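Student: Can you look at this prediction? I've put the sequence above it.
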Amino acid sequence: MPSAQPLRTRLWKKPGWSALAIPILAIAGWAQEPARLAIPAEAPPDDNAPSREVVAVEASKAEELTLERAIELALQRQPNIAAAQASLHAAHIQYQSAHSPFAILTGPQIIYRRQQATHGLAIAQESLTQAKLETIQAVTRNYLSYLYAREQTGIADETVRSLGVMAQLAKKLVDAGSREVTTSDLERISTYELIARTRLARARLGAEQARAALREAVGLSEHEPINVAAVSLADYYDSVTKHMREHKLTISCDKAVELALANRPEALQSHLLAEVIALEIKAQGLTWRTNALTFAARSDIHSKTLPATILDPDYRPGPIAPEMPAVLSGTRSARQSRTEALYHRALAGAEKVEHLIALEVRVLCSRLHELEEQVRLLRQAVQQAGKLRKDAEKAYAADQLSTEKMLTAQLLDAQTRADLNEALYNYCITLAALQRATAGKLWEALVPAQ
């Protein structure tokens, strides 16, 4: 029988695949004072004071929203965290009830019910930790998504303007009797410009959608505008890779898996569930009733999802769902035997959780290394494409290059820059997912590069 791990209070500063059901038991409490929602004191009304909405809007307008600030706000305002805090407080009340002097009147099973309550509250505490990690991951991903859409919008807008300039130049060349540029080339340029405008509209729509998603992740109301700071995906990529290059460090996938298994709240929750069911075997041995209640009759066994990036569409292993009826029927021996079978099922579920966590971390870690190489190669491609475009512009202006070749150089430059932006985005969101997958301990997985 696995022993319960000591519960540690964790403060996560940085974030982290398929839906994974983890049983949460709201039957418990915590020996210390639980986290409570702060209730601000009501101030006397002031008729001359501006409304709260006006104050919030004015304050938001003056502040640039950095990623760090967005995470800070989300940890204070995200309803998912408030809900987890409320559940923890409710679990603490249940824990106190199980340890009250009157609880002994419920029968000899109270000995094990109290131990189950302790484990249950540990699960509730881990659930709060999980909610914080999920919030950080959601804010980080949506913030990066907005940066990606904003930069794609810039690339598309520049392409539209460049094609417009090219169209004007082409018309002048045609009017001057150019041998390289014809009137049909004007229509070709116009067609490409229309296509570029559709991509610009798509990029702008993506930016608005990402902004709305970021607002929800942070927990901002519709009255509070978002003014995202003037940073780029390249800034985040360079800050990480530069540090590792200067200190000759790399991320160890083996170390990352080890940290994930030791710190993921889902892993601890699944093992604690097995402990709770093991205690139920003993509790059923203390009653002769043919229809005996289990801990599930006084608790809420529900599912929490394990947020993870599904990177492999061909293999999506699922969890092993927990089982525990509210009432067990039969003789004492029969009830204990059935509970023991469910205990072994819970152990298998805990093992499955660990396997899924390890698989998630390894997939993300290997993908991160691959994306770093993609960014390096695409940066070289962008430099070469930019040079080709500049040379083509000079030759085209001198009527020494065909429109087809000029368009090829123009679009190649735009495409390589868009591909680089996408690779930077994929790297950053994979890094954030890996932070979440290791429960915020990713930087402890840095080892000397060989």
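Tutor: Noted; the coordinates are in hand. Because the structure is predicted, anything quoted here is derived from the model rather than measured.
Student: can you map out the helices along this structure?
Tutor: For the chain, applying DSSP state H gives helices covering 52-61, 67-77, 79-98, 110-175, 183-218, 233-246, 253-263, 265-284, 332-397, 403-437.
Student: Out of those, which one sits most buried?
Tutor: Most buried of those, by mean neighbour count (mean count of other C-beta atoms under 10 Å): helix 265-284, with a mean of 24. Every residue, glycine included, has its C-beta placed from N, CA and C.
Student: Now do it against helix 110-175, angle only.
Tutor: For helix 265-284 against helix 110-175, the angle by axes from the mean of the first three to the mean of the last three C-alpha atoms, to 10 degrees is 160 degrees.
Student: Determine how far helix 265-284 lies from the middle of the whole chain.
Tutor: 28 Å (C-alpha atoms, centre = their mean, to the nearest Å).
Student: could you dump it to PDB, C-alpha only?
Tutor: Extracted as PDB, the C-alpha positions of helix 265-284 are listed here (Å, rounded to 0.1, in the frame of the first residue of the first chain):
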ATOM      1  CA  PRO A 265      -0.600  17.600  -8.400                       C
ATOM      2  CA  GLU A 266      -2.400  15.000 -10.600                       C
ATOM      3  CA  ALA A 267       0.100  12.300  -9.600                       C
ATOM      4  CA  LEU A 268      -0.200  13.100  -5.900                       C
ATOM      5  CA  GLN A 269      -4.000  13.100  -6.200                       C
ATOM      6  CA  SER A 270      -4.200   9.700  -7.800                       C
ATOM      7  CA  HIS A 271      -2.000   8.100  -5.200                       C
ATOM      8  CA  LEU A 272      -3.900   9.700  -2.400                       C
ATOM      9  CA  LEU A 273      -7.100   8.300  -3.900                       C
ATOM     10  CA  ALA A 274      -5.600   4.800  -3.700                       C
ATOM     11  CA  GLU A 275      -4.800   5.500   0.000                       C
ATOM     12  CA  VAL A 276      -8.400   6.500   0.700                       C
ATOM     13  CA  ILE A 277      -9.700   3.300  -0.900                       C
ATOM     14  CA  ALA A 278      -7.200   1.300   1.100                       C
ATOM     15  CA  LEU A 279      -8.600   2.800   4.300                       C
ATOM     16  CA  GLU A 280     -12.100   1.900   3.100                       C
ATOM     17  CA  ILE A 281     -11.100  -1.800   3.200                       C
ATOM     18  CA  LYS A 282     -10.500  -1.400   6.900                       C
ATOM     19  CA  ALA A 283     -13.500   0.700   7.500                       C
ATOM     20  CA  GLN A 284     -15.800  -1.900   5.900                       C
END
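Student: between the helices of the chain, which one is nearest to Thr290?
Tutor: Closest to Thr290 of those is helix 332-397 (C-beta to C-beta; 8.6 Å).
Student: okay if I get the helices of the chain as TSV plus distance to Asn291 and mean pLDDT?
Tutor: TSV is the format used below for the helices of the chain (distance: least, C-beta to C-beta, whole Å; pLDDT from 0 to 100):
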stretch	distance to Asn291	mean pLDDT
helix 52-61	55	43
helix 67-77	46	94
helix 79-98	22	91
helix 110-175	18	93
helix 183-218	46	93
helix 233-246	59	93
helix 253-263	40	96
helix 265-284	12	91
helix 332-397	9	94
helix 403-437	44	95
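Student: Of those, which is nearest Ala449?
Tutor: helix 233-246 (7.5 Å).
Student: Can you give the distance of that closest one from its chain's centre?
Tutor: On the basis of C-alpha atoms, centre = their mean, helix 233-246 sits 20 Å off its chain's mean C-alpha point.
Student: again, but for stretch 409-428
Tutor: Relative to its chain's centre, stretch 409-428 lies at 24 Å (C-alpha atoms, centre = their mean).
Student: Next: stretch 220-235.
Tutor: That offset, for stretch 220-235, works out to 17 Å (C-alpha atoms, centre = their mean).
Student: who touches Asn80 in this structure?
Tutor: Ala131, Glu134, Thr135 (C-beta atoms under 8 Å, 6 or more residues apart in numbering).
Student: To Pro448, which of the helices of the chain lies closest?
Tutor: helix 233-246 (10.5 Å).
Student: Can you name the residues in contact with that closest one?
Tutor: Contacts of helix 233-246 (C-beta under 8 Å, 6+ apart): 67, 144, 147-148, 151, 249-251, 372, 375, 421, 424-425, 427-428, 431, 446, 449.
Student: picking up where we left off before, got JSON lines for the contacts of Asn80, with distance to Thr416 too?
Tutor: Shown next, in JSON lines, are those (distance: C-beta to C-beta, whole Å):
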{"residue": "Ala131", "distance to Thr416": "41"}
{"residue": "Glu134", "distance to Thr416": "35"}
{"residue": "Thr135", "distance to Thr416": "36"}
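Student: Among those, which one sits closest to Glu340?
Tutor: Nearest to Glu340 among the contacts of Asn80, with distances taken as C-beta to C-beta, is Ala131, at 32.8 Å.
Student: What sits closest to Gln76 if chain neighbours are left out?
Tutor: Sequence neighbours aside, Gly219 is the residue nearest to Gln76 in space, at 7.7 Å (criterion: C-beta to C-beta, 6 or more residues apart in numbering).
Student: pretty sure that neighbour contacts Leu73?
Tutor: Yes - using C-beta atoms under 8 Å, Gly219 is in contact with Leu73, at 6.9 Å.
Student: Now do the spatially most central residue of the chain against Gln116, distance only.
Tutor: The structure's the chain has its C-alpha centroid closest to Gln137; by C-alpha atoms, centre = their mean the separation is 2.8 Å. The gap separating Gln137 from Gln116 is 31 Å, by C-beta to C-beta, to the nearest Å.
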